[in-house]
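In: need a 3D model of the following:
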Amino acid sequence: MKSNFPKVAPDDEGGSEEPPPTVPTSLRAAQPPTPQDQGRHLQRNLANSEGVKASYRREKWRSRSLSMSSNVSSTGSVSSRSSYSSVASGESSGSEEEDGEMDVKERSQVNSSGFSDFCVRNANLYKFGRREIQIAEQEMSALTLLRNKLSSEKILSGARVLICTHLTAQSAVLIETLVACGAVVRVCSCNIHSTQNEVAAALAESNISVFGWKNMSEKDFWWCIDQCVTGEFVTHPTNSDSIATPSSSNSTPTAPSSGAPGKGGSNPGDDMGPNMILDDGGDLTHHMYKNYPEKFVKITGIVEENIGGIHRLYQMSRQGKLPAPVMNVHDCVTKTKFDNLYASRESVTDAIKRSTDCMIGGKLVVILGYGEVGKGCAAAFQGIGCIVMITEVDPICAIQACMQGFKVVRLDDVVHHADIVVTCTGNKNVVTRDHMNRMKTGCILANMGHSSVEIDVNSLTTSELRWERIRSQVHHIHWPDGKHIVLLAKGGVANHNCSSIPSFVISVTATTQALALIELYKAPQTRYKADVYLLPKKMDEYVAQLHLTMFNAHLTELSREQAAFLNINRSGPYKSQHYKY
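Out: Sure, this is the predicted structure:
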C-alpha cells in the first residue's frame, strides 16, 4: 500500500547517517533511538518496499497497456479487457495481464485425470473454483436437496444435454445437479463477460466438457458454442466423483410425479448426439437450428429461461419449425418473481456503486421499462433516496408505476437531466446515439435487460468519440466538446458483469430449470407437442416449497371442507395456471 508519509532525505534533519561520535561504538546498539533515527529508519524501509511495489506496478500496467493497445478495434474503440485477478493456493489467477498473449483456443489443456475435452482460461484454478461452488451451495440448499433426492434414481440417465448459460458458481451447482442425476452434458457460456474463470476450471476438473472464459471475443463466443454442439457425448468415470451430494434430509418435500418414463429412457441405443437443450438467451438453439439442422431435428426437449430466447421460440412455433416441446421457464412464477424482480432489486445499485464509486442517493434515475426487472430496479433506487422516473410503452405497466409514485415520462423529455439511465426492456436500441448526445457529462448508462443491444453501443464507435477504459467493465466515452458519459459493461448486463446475483435467487431459477428438464425428458411422448409450454403449476409450487426451508417457514394446511369449498386439491395446485401473483 502506498505510504502517505513524505520522503525525507537524511540531511533534512540536520544530522548524518552515523550516530554522534561521542557515543562509544560498543554502546550504540544499546542507546534508545532518537526521533530522527526512527524517522530515517522508517523512510528507508518504506523506500525499499515502495521500490519493489512500484516495479511490480510498472510491469503490470505495461502489460495491461500492451493488451489494451492490441485490442483497439478498427473503429477506434478500446476493447474492455478484464483486470480480474485472484490467487488460489499460491497459483496465478490467469488474468489477461499474465497470459493474454496466447490465444486460449490454441493452448493444450489437460486436467489431473487426463481429460482434455474443454477450453477454459486457466485449468489450474480448479481448487479456487471448487471453493466458490461450495460457497454457492450453502445458499442453494433447495437445489442440493433436489439433487440428493433424485441422484440415486439417476432420473436423467440417457439424457445428453447441451447447456448454454452463465458460467458462474451458481450455474455450476445446476450443471453438477444434472450430472449427478445421470445426464451427460456439454456446456458453453451464454455471455462473453460473465464467466468466472475459476468456476469453469472446476467444471473441467470434474471431467465436464466446458467452453468459455471471461471477456472472450464475439468470434470466440460462437466458437465455444460450436465446440459444445459438435463434440461427442462421452460418459467419463470421474464425471461426478468431485460433486458433493448432501446427506439425506427427512424434510425434503416429495417431488411431483412426472408420470411414466417417457421418451428419455425409451431409446437407449439411439444416436449419441444431443437430445436435450438447456439455453439462456436462445443463442445455442438458434445456432444449432441454422448450422446443424440434422442434429436439431433429433432434439426431444428444450428449456429456455430468457425472454429473448422465448420470443424466438414462440416465433419458430408459429412457423412450425420446432422439433420438440419447449418449456418456458422465463414466465414461470418463481423465476419471474425471483430472478427478475428480487435479483434486480438486490444487484442493480450494487453494480453501479462497485463500478463507479458513485453516491447514488438523491440522483435522478430514469428506468426504461417497468416489467419485473424494472420494478425491482425502481424499488432499489427509490429505497436509497433517488428521484425515479419510468418510461413505458405498455399502459398497464405505466399505471402500475404511477400507483407506486413514479412519474412516467418519455426519455426524450428528460434525458438531458438524468444522472443515471438504466434499460430494462429486452428490446433493441431503446437508448440511441441521439439520446447519448444529449446526456449531461458524467451520466451513468447501464443495461439490466438480458439483451446486449438495448443501448446502441455500435453508434459510439465513431472517430470523433474517444473511449477511455477506467477499470474492468467501466468506460468513459468522451465527446469533442469535453463531455463524457460512463458506460457499464459495454452495454452488457450490468449485474452479471459488474456485480453479482444472490445465490439464493439463482437457486430458485436453477431448480425450476432442473425440474423443467426432468419433466420434458421423462414425460410420455403424448403429453407435449412441438410447442411452447409453461411448467405445470404443481411444479412451480414445489420449487417455492423447497426454498421455504431456508426461512424456517411453515405452511398452513387446508381442511377437507376448505379444499372442497375452493374446489381444489388439499396438496395443490392452489391457483389456476393463468393466475397473476
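
In: so where's the stretch 51-200 of the chain shaky on pLDDT?
Out: 51-102 (pLDDT under 70).

In: now do the helices in it.
Out: 96-99, 126-139, 141-151, 169-180, 197-205 (DSSP state H, counting those that start in this stretch).

In: out of these, deepest packed?
Out: Highest mean neighbour count of the helices of the stretch 51-200 of the chain: helix 197-205, a mean of 28 (counted as mean count of other C-beta atoms under 10 Å). C-beta: built from backbone N, CA, C; applies to glycine.

In: report the contact partners of L520.
Out: Each residue near L520 by C-beta atoms under 8 Å, 6 or more residues apart in numbering is listed here: 276, 300-303, 324-325, 327, 528.

In: how about 7 Å then?
Out: 301, 303, 325, 327, 528 (C-beta atoms under 7 Å, 6 or more residues apart in numbering).

In: how much space separates the last one from E519?
Out: Summarising the geometry, the distance separating Y528 from E519, computed by C-beta to C-beta, to the nearest Å, is 9 Å.

In: more neighbours, the two?
Out: More neighbours surround E519 than the other of Y528 and E519, with 23 against 20 (other C-beta atoms under 10 Å).

In: separation between the more buried one and D434?
Out: 47 Å.

In: ditto for Q315
Out: Applying C-beta to C-beta, the value for Q315 to D434 is 29 Å.

In: CA atoms of stretch 314-331 as CSV?
Out: The C-alpha coordinates for stretch 314-331 follow below in CSV (Å, rounded to 0.1, in the frame of the first residue of the first chain):
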residue,chain,number,x,y,z
TYR,A,314,-42.6,-18.6,-30.0
GLN,A,315,-41.8,-17.3,-33.5
MET,A,316,-40.4,-20.8,-34.5
SER,A,317,-43.5,-22.4,-33.0
ARG,A,318,-45.8,-20.2,-35.2
GLN,A,319,-43.8,-21.1,-38.2
GLY,A,320,-43.9,-24.8,-37.4
LYS,A,321,-40.1,-25.1,-37.1
LEU,A,322,-39.8,-26.5,-33.5
PRO,A,323,-38.6,-30.2,-33.4
ALA,A,324,-39.8,-30.7,-29.9
PRO,A,325,-41.7,-29.2,-26.9
VAL,A,326,-40.2,-26.2,-25.2
MET,A,327,-40.5,-25.4,-21.5
ASN,A,328,-40.8,-21.6,-21.0
VAL,A,329,-39.0,-21.1,-17.6
HIS,A,330,-38.9,-17.3,-18.0
ASP,A,331,-42.6,-16.9,-17.5
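
In: can you start the count at 114 instead of 1 from here on
Out: Taking 114 as the first residue, the last one we looked at is stretch 427-444.

In: identify the residues contacting it?
Out: 409-410, 412-420, 423, 426, 448, 625-626, 629, 632-633, 641-648.

In: before we move on, the earlier item: quick one, which of the contacts of L633 are buried?
Out: Among those, those classed as buried by 16 or more other C-beta atoms under 10 Å are 414, 416, 438, 440, 641.

In: thought the first one was touching M389?
Out: This points to G414. Yes - if you go by C-beta atoms under 7 Å, G414 and M389 touch, sitting 5.1 Å apart.

In: overlap of the contact sets of those two?
Out: In contact with both G414 and M389: Y634, using C-beta under 7 Å, 6+ apart.

In: picking that back up, identify the farthest-apart pair in the buried ones among the contacts of L633.
Out: Spatial extent of these (C-beta to C-beta) is set by the pair V416 and Y641 at 12.1 Å.

In: setting the sequence-adjacent residues aside, check what's closest to the residue nearest in space to the middle of the chain.
Out: With distances taken as C-alpha atoms, centre = their mean, H609 lies nearest the centre of the chain, 3.9 Å away. Distances taken as C-beta to C-beta, 6 or more residues apart in numbering put S307 closest to H609, at 4.1 Å, once the chain neighbours are dropped.

In: that neighbour reaches N608, doesn't it?
Out: No - applying C-beta under 7 Å, one finds S307 not in contact with N608, separated by 9.4 Å.

In: filter the buried ones among the contacts of L633 down to just the ones in strands.
Out: Among the buried ones among the contacts of L633, the members found in strands (DSSP state E) are 414, 416, 440.

In: just the closest of these to R582, please.
Out: V416 (36.9 Å).

In: mind listing the residues bridging to that closest one?
Out: Beta bridges link V416 to L391, M440, judged by DSSP bridges.

In: pLDDT score for it?
Out: Per-residue pLDDT puts V416 at 96.

In: cool, T398 as well?
Out: We have a pLDDT of 95 for T398.

In: which of the helices or strands spans it?
Out: Using DSSP states H and E, T398 falls within helix 396-404.

In: F451 touches V618, doesn't it?
Out: Yes - using C-beta under 7 Å, F451 is in contact with V618, at 5.0 Å.

In: please list all residues in contact with the nearest residue to T308 once chain neighbours are set aside.
Out: Leaving aside its sequence neighbours, T308 sits nearest to L280 (C-beta to C-beta, 6+ apart; 4.1 Å). Applying C-beta under 7 Å, 6+ apart to L280 gives the contacts 302, 308-309, 312-313, 323, 325.

In: nearest spatial neighbour of V570, skipping sequence neighbours?
Out: Among residues not flanking V570 along the chain, G604 sits closest, at 4.1 Å (C-beta to C-beta, 6+ apart).

In: what does the pLDDT read for that neighbour?
Out: 92.

In: for it, grab the count of nearby residues.
Out: G604 has 22 neighbours, counted by other C-beta under 10 Å.

In: same thing with the one 10 residues further on?
Out: Using other C-beta under 10 Å as the criterion, I614 is surrounded by 23 other residues.

In: that one is in contact with A456, isn't it?
Out: Yes - if you go by C-beta under 7 Å, I614 and A456 touch, sitting 5.0 Å apart.

In: L628 - that's part of a helix, no?
Out: Yes - the assignment for L628 (DSSP: H, G, I helix; E, B strand; the rest coil) places it in a helix.

In: and it, how far from T639?
Out: For L628 relative to T639 (C-beta to C-beta), the value is 20 Å.

In: what do you get for Q513?
Out: From Q513 across to T639, the span is 40 Å (C-beta to C-beta).

In: which of the two has more residues huddled nearby?
Out: Set Q513 next to T639 and count neighbours by other C-beta under 10 Å: Q513 wins out with 18 against 7.

In: what about that one, which SS state?
Out: helix.

In: name the SS class of the residue lying closest to it once chain neighbours are set aside, please.
Out: Leaving aside its chain neighbours, Q513 sits nearest to Y483 (6.4 Å; criterion: C-beta to C-beta, 6+ apart). Put simply, Y483 is coil when judged by three-state DSSP.

In: let me know the pLDDT of Y483.
Out: So Y483 comes in at 96 (pLDDT).

In: just the strands in the stretch 514-663 of the chain please.
Out: 520-521, 533-536, 557-560, 579-584, 587-591, 597-601, 645-647 (DSSP state E, counting those that start in this stretch).

In: include mean pLDDT when you put those into TSV, please.
Out: As requested, those are arranged in TSV below (pLDDT from 0 to 100):
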stretch	mean pLDDT
strand 520-521	98
strand 533-536	98
strand 557-560	96
strand 579-584	95
strand 587-591	96
strand 597-601	97
strand 645-647	92
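
In: highest average neighbour count across those?
Out: Of the strands of the stretch 514-663 of the chain, strand 533-536 is the most buried (mean count of other C-beta under 10 Å), at a mean of 28.
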